[in-house]
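S.K.: only geometry, no sequence info:
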């Protein structure tokens, strides 16, 4: 078929052969943006009300999740398009993705579940949770004790579909079919609300899933060098951002911004590959630790806000926000270096090389 000739592994000699540092920088910024957004509720609740304009600005940090979803689609395609025809690829893909999600997640999730079981008052709001959903990320009867884990459920669903897309040997074609199904699904299921609910319909047909497809198509464009003009991507990305703003920046329509981010990834990645962008080693380290930061920050943000609320210094909301972000980033880096990175190396069976690949989830 024509798509096989366009999208087949033989036509992608450069795909997945080297890390893309600028993506690591993006992951770091996205994770920190999410942390900022999650300082709003605990700060307003137990410290003091922050200014309305600041609250509105920090709230938009949730868009870091949209970037993670786009990036997940990009990296999954970029790192696997040359590999999916190899013997044993499906098992290796499944093992690496499941270990990447669950191994860093479970210690924190179990620790929180034990804490909330022993002392329910420590939990600041949130939906009902149970142990099954917490351990499996499958939302049966309730959700994970970690509110942010809804993104991981969507990631797991995407990985399952990506496995099918690659095994079909027509990943681009099937990704496009999924995108069309999502659009058609909107006519059947209607709006899903925000944050995305964990129903079967939403997990597979919520418009936010379009961002995975946008990332896949962006990776295809980078690998194939089409279209060649970066100006097309720059203008397209800016138009998507303008459309999101004109729409009122509604969370339900954040996929529009996700489309803009995916479009802009193409010229940015090309610029790094051409040597026009340099990313510091510390930024790469932060990007590597972004999943750890994402996982560990909710309880820390809540704890820091409680401490600041008791101390009550001048400009308490500022202290709460900055101390929360600093604590979350520092603890995330420590968790990554002390636990996440070593355990992934151990599971990969390659002592000198981490299995975090270049495709860490939010995960993205």
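M.R.: That came through fine. If you're wondering where the values come from, they're calculated on a predicted model, not measured in any experiment.
S.K.: when you work out contacts or count neighbours from here on, use the C-alpha atoms and nothing else.
M.R.: OK.
S.K.: how far away from the center of its chain is stretch 207-218?
M.R.: 12 Å (CA atoms, centre = their mean, to the nearest Å).
S.K.: next one: phi and psi at the spatially most distant residue from the centre of the chain?
M.R.: Distance from the C-alpha centroid of the chain, by CA atoms, centre = their mean, peaks at residue 314 (35.2 Å). Torsion angles at residue 314 (phi, psi; degrees, to the nearest 10) stand at phi -60, psi 140.
S.K.: residue 129 too?
M.R.: Per-residue torsions, residue 129: phi -130, psi 160 (degrees, to the nearest 10).
S.K.: isn't it right up against residue 147?
M.R.: No - the criterion here is CA atoms under 8 Å, and residue 129 misses it with residue 147 at 9.1 Å.
S.K.: check contacts around the residue lying closest to residue 339 once chain neighbours are set aside.
M.R.: Setting aside the residues directly before and after it, residue 339 is nearest to residue 104 in space (CA to CA, 6 or more residues apart in numbering), at 7.7 Å. For residue 104, the contacting residues are 292, 339-340, by CA atoms under 8 Å, 6 or more residues apart in numbering.
S.K.: buried members of these into PyMOL, please.
M.R.: The PyMOL command for the buried members of the contacts of residue 104 (criterion: 16 or more other CA atoms under 10 Å) is given here:
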select buried, resi 292+340
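S.K.: mind checking pLDDT for residue 4?
M.R.: Note on residue 4: pLDDT of 35.
S.K.: actually, residue 350.
M.R.: 64.
S.K.: ok, now the one 5 residues further on?
M.R.: Residue 355 is assigned a predicted lDDT (pLDDT) of 39.
S.K.: tell me how far stretch 301-320 lies from the chain's centre.
M.R.: 28 Å.
S.K.: from now on call the first residue 11
M.R.: That works, and once the first residue is 11, the last one we named lands at stretch 311-330.
S.K.: and the helices in the stretch 261-374 of the chain?
M.R.: For the stretch 261-374 of the chain, the helices defined by DSSP state H, counting those that start in this stretch occupy 265-283, 291-298, 300-321, 326-345, 351-358.
S.K.: give me the more crowded residue out of residue 139 and residue 157.
M.R.: Between residue 139 and residue 157, counting by other CA atoms under 10 Å, residue 139 is the more crowded of the two (18 against 15).
S.K.: for that one, give the beta-bridge partners.
M.R.: For residue 139, the beta-bridge partners are residue 153 (DSSP bridges).
S.K.: now do the contacts for it.
M.R.: Neighbouring residues of residue 139 by CA under 8 Å, 6+ apart: 152-155.
S.K.: turn these into a markdown table, including distance to residue 174, neighbour count and pLDDT.
M.R.: Below are the contacts of residue 139 laid out as a markdown table (distance: CA to CA, whole Å; neighbours: other CA atoms under 10 Å; pLDDT from 0 to 100):
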| residue | distance to residue 174 | neighbour count | pLDDT |
| --- | --- | --- | --- |
| 152 | 28 | 16 | 88 |
| 153 | 26 | 23 | 91 |
| 154 | 26 | 26 | 94 |
| 155 | 30 | 26 | 93 |
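S.K.: now for these, which pair is the farthest apart?
M.R.: Largest separation among the contacts of residue 139 by CA to CA: 152 and 155, giving 9.0 Å.
S.K.: which neighbours do these two have in common?
M.R.: Counting by CA under 8 Å, 6+ apart, the contacts common to residue 152 and residue 155 are 138-140, 143.
S.K.: gap between the residue farthest from the centre of the chain and residue 79?
M.R.: 38 Å (CA to CA, to the nearest Å).
S.K.: any stretches of this structure with poor pLDDT?
M.R.: 11-28, 130-136, 360-374 (pLDDT under 70).
S.K.: by how many degrees do the longest helix along it and helix 326-345 diverge?
M.R.: Taking DSSP state H as the criterion, the chain has its longest helix at helix 99-128. Helix 99-128 runs at 130 degrees relative to helix 326-345, counting by axes from the mean of the first three to the mean of the last three CA atoms, to 10 degrees.
S.K.: among the helices of the stretch 261-374 of the chain, which comes closest to residue 162?
M.R.: helix 300-321 (10.3 Å).
S.K.: what sits up against that closest one?
M.R.: 37-38, 41-42, 44-45, 48-49, 52-53, 56-58, 114-115, 118, 134, 158, 326, 329-331, 333-335, 337-339, 341-343, 345-346, 350, 370-374.
S.K.: filter those residues to the buried ones?
M.R.: Going by neighbour count (16+ other CA under 10 Å), the contacts of helix 300-321 have 37-38, 41-42, 44-45, 48-49, 52-53, 56-58, 114-115, 118, 158, 326, 329-331, 333-335, 337-339, 341-343, 345-346, 350, 370-374 buried.
S.K.: buried residues in stretch 50-67?
M.R.: For stretch 50-67, using 16+ other CA under 10 Å, the buried residues are 50-54, 56-58, 60, 65.
S.K.: what two of those residues are the furthest from one another?
M.R.: Once CA to CA is applied, the buried residues of stretch 50-67 give 56 and 65 as the farthest pair, at 14.9 Å.
S.K.: before we move on, back to that, which members of the shared contacts of residue 152 and residue 155 are classed as buried?
M.R.: Buried among the shared contacts of residue 152 and residue 155 (16+ other CA under 10 Å): 139-140, 143.
S.K.: next one: the residue nearest to residue 349 from residue 65, what distance?
M.R.: Computed with CA to CA, the distance linking residue 114 and residue 65 is 30 Å.
S.K.: again with residue 354
M.R.: 37 Å.
S.K.: with residue 91 instead?
M.R.: For residue 91, the distance to residue 65 equals 42 Å [CA to CA].
S.K.: now do residue 214
M.R.: Counting by CA to CA, the separation of residue 214 from residue 65 is 31 Å.
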